[in-house]
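A.B. asks: Got a predicted model here, sequence first, then my questions.
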Amino acid sequence: MEMIHAEKLVYEYDKRDEEGNVIGTNRAIDGVDIDIPQGSFVAVLGHNGSGKSTLAKHMNAILVPTGGTMWVDGRDTKDPEELWNVRQTAGMVFQNPDNQIIGTVVEEDVGFGPENLGVPTDEIWKRVEDSLRSVGMIEYRKASPNKLSGGQKQRVAIAGVIAMEPKCIVLDEPTAMLDPNGRKEVIRAVEKLRKEKKVTVILITHYMEEVIDADQVFVMDGGHIVMHGTPREIFSRVEELKSCRMDVPQVTMLAEELRKRGLDIPRGILRREELVEALCRLH
Amino acid sequence: MSITLEHVKYIYSPGTAYEKQALRDVSLEIPQGQFVGIIGHTGSGKSTLIQHLNGLMKAPSGKILYDGKNIYEESYDMRGLRSQVGLVFQYPEHQLFEVDVLSDVCFGPKNQGLSQEECEARAKEALALVGFPEKYYKQSPFELSGGQKRRVAIAGVLAMRPKVLVLDEPTAGLDPKGRDEILDQVERLHKETGMTVILVSHSMEDVARYVERIIVMNHGEKMLDGTPQEVFRYYKELEQVGLAAPQVTYVMHELKERGFDLSPDATTIKEAADEIMRSFQ
């Protein structure tokens, strides 16, 4: 079963001058076909302006396609009747934690989503507790969100989405504003959700290290999907990635450099342990 | 311009329930022309520290000296200091506001009281320094890509010809290429002009690659201060305060544990590759 399925997806918007007159159209997404199976972990890479955030916004109908079709769990996002079902299926987490938190107490913030869905009170509390536990923030349930670190706030935002029990969660650069520890906390929380709750995870990021555990990686450029494969396949194509303004994990880069200098190291090394093992075999 | 901080302290909301000691007794010296990185987790005091450097925040106790002169003395020319110490905040593109790129970059020198011609000359010089293409000078800054906007914002500070440039996470939110381009440009600027550059960053890999000295902040205190090699030797201590060493440093330590005859101090890909190759000879 496909959680996300798009065919020939196109998104165009008008470019306007200062008076609001249309002076042309921009095509942010240009004929994208994508299949994301239920329960999988998919990463989307691409430079600023490549169309990846626009694509993400199609996954919970913040934007609807101007051409082609996007189905979320089998529902056509263009169908106004399906709008709320689509939004309930795919939850979204954005870049800036400060723009997503509205409650004055952590548990109230997390309860806001299910409350709006009309979930009975007892059930809301159950969900709040459960989702805070799964992101490792249960001990902060009575805390004020503005006293939390960036990573903690972002985990609360994720808990708020989880409490609505979506089948799919779309994270648009959730770690861009965080320090190394905050980044680690958020990525760990996402991994745990995927394993425990079998939620489909779509992660958009500029940090190459965050995608090495993904099932599939898509690379976008100019509104197209230009590369698609497992992390190992994608990160073996160093030059191609660099031409899309992307990078590879530092360990992969070091392995590549050592290979260039004549050491017999396999392509597509992603993790520290793999590089250490490969070097020990040569030693 | 050398910078000296002596026992600088700063407390937010003193005397209230929200009292927070943001800087506890920070002393340090930065000679003219150094490229310094400041790292620390969120809330460690690094942003508070840099806002003290051009007098935006005033420490209730301690001294800040530029070339030996105390900036807290009544007669000190604070206005002059602010044009010599340029501060580029996080997401500086949010501060762009003019109708076109050139006018935006002219804003700083205009406030310094320079003539229109002089302002434009300075603006063009600054835009060239950040590698901004001339054909977009008359374009609205809001129509540029993220990386280009950020260059314009940095040029706006450079146009005042500061002697010290402070950058607070200049690459946050940029794609990897955009990140490399901005930092390469800053490095070139540092080399060509001899300007002191202070770079606040969350990326250990970037800090290791560009700076000659790292200051680690933790709980409002200077925890470590040294070259990247010296600082990242303490990777275990850094992890305890929410930081880390570059990935390659970990690889080196693991190799050493596995019996490789090498120095584990490498902090960049080149250093690591050189050292690993040496151990194979």
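C.D. replies: Looks like it came in fine. Since the model is a prediction, treat every value here as computed from it, not as a measurement.
A.B. asks: ok, which stretches of chain A are strands?
C.D. replies: A:2-16, A:22-37, A:41-46, A:67-72, A:75-76, A:90-93, A:168-172, A:200-204, A:216-221, A:224-229 (DSSP state E).
A.B. asks: closest to chain B out of these?
C.D. replies: Distance to chain B, taken as Cβ to the nearest Cβ, is lowest for strand A:41-46 among the strands of chain A, at 7.6 Å. All C-beta atoms are positioned from the backbone trio N, CA, C, and that covers glycine.
A.B. asks: circling back to that earlier point, residue B:107 is nearest to which of the strands of chain A?
C.D. replies: strand A:2-16 (25.7 Å; Cβ to Cβ).
A.B. asks: That closest one packs against which elements?
C.D. replies: Helices and strands touching strand A:2-16, by 3 or more Cβ pairs under 8 Å, 6 or more residues apart in numbering or on different chains; DSSP states H and E, are strand A:22-37, helix A:52-58, strand A:67-72, strand A:200-204.
A.B. asks: Nearest the geometric middle of the chain, what residue?
C.D. replies: With no chain named, the answer covers chain A. residue A:203 (1.9 Å; Cα atoms, centre = their mean).
A.B. asks: meant chain B actually
C.D. replies: Note: chain B centre (Cα atoms, centre = their mean) maps to residue B:199, 1.7 Å.
A.B. asks: since we're on residue 227, how many residues are nearby?
C.D. replies: All of this is about chain A. The burial count assigned to residue A:227 is 19, neighbours taken as other Cβ atoms under 10 Å in any protein chain shown.
A.B. asks: looking at chain B here, not the other one
C.D. replies: Considering only other Cβ under 10 Å, residue B:227 is surrounded by 15 other residues.
A.B. asks: got the contact list for it?
C.D. replies: Neighbouring residues of residue B:227 by Cβ atoms under 8 Å, 6 or more residues apart in numbering or on different chains: B:212, B:213, B:214.
A.B. asks: Just the buried ones from the residues you listed?
C.D. replies: B:213, B:214 (16 or more other Cβ atoms under 10 Å in any protein chain shown).
A.B. asks: Chain A: which of the contacts of residue B:227 is nearest?
C.D. replies: Among these, and counting by Cβ to the nearest Cβ, the member closest to chain A is residue B:214, at 14.0 Å.
A.B. asks: List phi and psi for the closest one.
C.D. replies: phi -120, psi 130 (degrees, to the nearest 10).
A.B. asks: That one pairs with what?
C.D. replies: residue B:37, residue B:226 (DSSP bridges).
A.B. asks: Can you name the residue of the stretch 51-200 of chain A nearest to chain B?
C.D. replies: residue A:181 (3.5 Å).
A.B. asks: tell me the pLDDT at that residue?
C.D. replies: Note on residue A:181: pLDDT of 83.
A.B. asks: Contacts only, for it.
C.D. replies: Shown in contact with residue A:181 (Cβ under 8 Å, 6+ apart): A:151, B:41, B:242, B:243.
A.B. asks: mind redoing it with 7 Å?
C.D. replies: By Cβ atoms under 7 Å, 6 or more residues apart in numbering or on different chains, residue A:181 lies in contact with A:151, B:41, B:242.
A.B. asks: Counting neighbours, what do you get for residue A:73?
C.D. replies: 20.
A.B. asks: Need phi/psi at it.
C.D. replies: Residue A:73 adopts backbone torsions of phi 50, psi 40, taken as degrees, to the nearest 10.
A.B. asks: do the same with the one 4 residues further on
C.D. replies: Dihedral angles of residue A:77 (phi, psi; degrees, to the nearest 10) stand at phi -70, psi -20.
A.B. asks: I figured it hits residue A:68, correct?
C.D. replies: No - under the criterion of Cβ atoms under 7 Å, residue A:77 makes no contact with residue A:68, lying 10.9 Å away.
A.B. asks: want to throw the strands of chain A into JSON lines with mean pLDDT?
C.D. replies: Shown next, in JSON lines, are the strands of chain A (pLDDT from 0 to 100):
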{"stretch": "strand A:2-16", "mean pLDDT": "92"}
{"stretch": "strand A:22-37", "mean pLDDT": "92"}
{"stretch": "strand A:41-46", "mean pLDDT": "95"}
{"stretch": "strand A:67-72", "mean pLDDT": "96"}
{"stretch": "strand A:75-76", "mean pLDDT": "96"}
{"stretch": "strand A:90-93", "mean pLDDT": "94"}
{"stretch": "strand A:168-172", "mean pLDDT": "95"}
{"stretch": "strand A:200-204", "mean pLDDT": "96"}
{"stretch": "strand A:216-221", "mean pLDDT": "96"}
{"stretch": "strand A:224-229", "mean pLDDT": "96"}
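A.B. asks: Could you export the ones you listed as JSON lines, including distance to residue B:91?
C.D. replies: Listed next are these as JSON lines, based on distance: least, Cβ to Cβ, whole Å:
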{"stretch": "strand A:2-16", "distance to residue B:91": "24"}
{"stretch": "strand A:22-37", "distance to residue B:91": "22"}
{"stretch": "strand A:41-46", "distance to residue B:91": "20"}
{"stretch": "strand A:67-72", "distance to residue B:91": "31"}
{"stretch": "strand A:75-76", "distance to residue B:91": "36"}
{"stretch": "strand A:90-93", "distance to residue B:91": "19"}
{"stretch": "strand A:168-172", "distance to residue B:91": "16"}
{"stretch": "strand A:200-204", "distance to residue B:91": "18"}
{"stretch": "strand A:216-221", "distance to residue B:91": "23"}
{"stretch": "strand A:224-229", "distance to residue B:91": "28"}
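A.B. asks: Grab the nearest non-local neighbour of residue B:159.
C.D. replies: Spatially, and ignoring its direct neighbours in sequence, residue B:159 is nearest to residue B:126 (4.0 Å; Cβ to Cβ, 6 or more residues apart in numbering or on different chains).
A.B. asks: can you pull the contacts of the one you found?
C.D. replies: Neighbour list for residue B:126: B:105, B:155, B:158, B:159 [criterion: Cβ under 7 Å, 6+ apart].
A.B. asks: looking at the residues you listed, which has the most residues close by?
C.D. replies: residue B:105 (34 neighbours).
A.B. asks: Next one: that residue from residue B:135, what distance?
C.D. replies: 15 Å (Cβ to Cβ, to the nearest Å).
A.B. asks: Equivalent analysis for residue A:62, please.
C.D. replies: Per Cβ to Cβ, residue A:62 is found 34 Å from residue B:135.
A.B. asks: Now the lengthiest helix in chain B: average pLDDT?
C.D. replies: When chain B is parsed with DSSP state H, its longest helix is helix B:176-193. The average of the pLDDT scores along helix B:176-193 is 91.
A.B. asks: Quick one: name the residues of chain A near chain B.
C.D. replies: Proximity of chain A to chain B, by Cβ under 7 Å from any Cβ of the partner chain, involves residues A:47-49, A:149-150, A:176-177, A:179-182, A:206, A:245-247, A:249-251, A:253-254, A:257-258, A:261, A:272, A:275-276, A:279-280, A:283.
A.B. asks: Residues of the stretch 51-200 of chain B that sit close to chain A?
C.D. replies: B:145, B:146, B:147, B:172, B:173, B:174, B:175, B:176, B:177, B:178.
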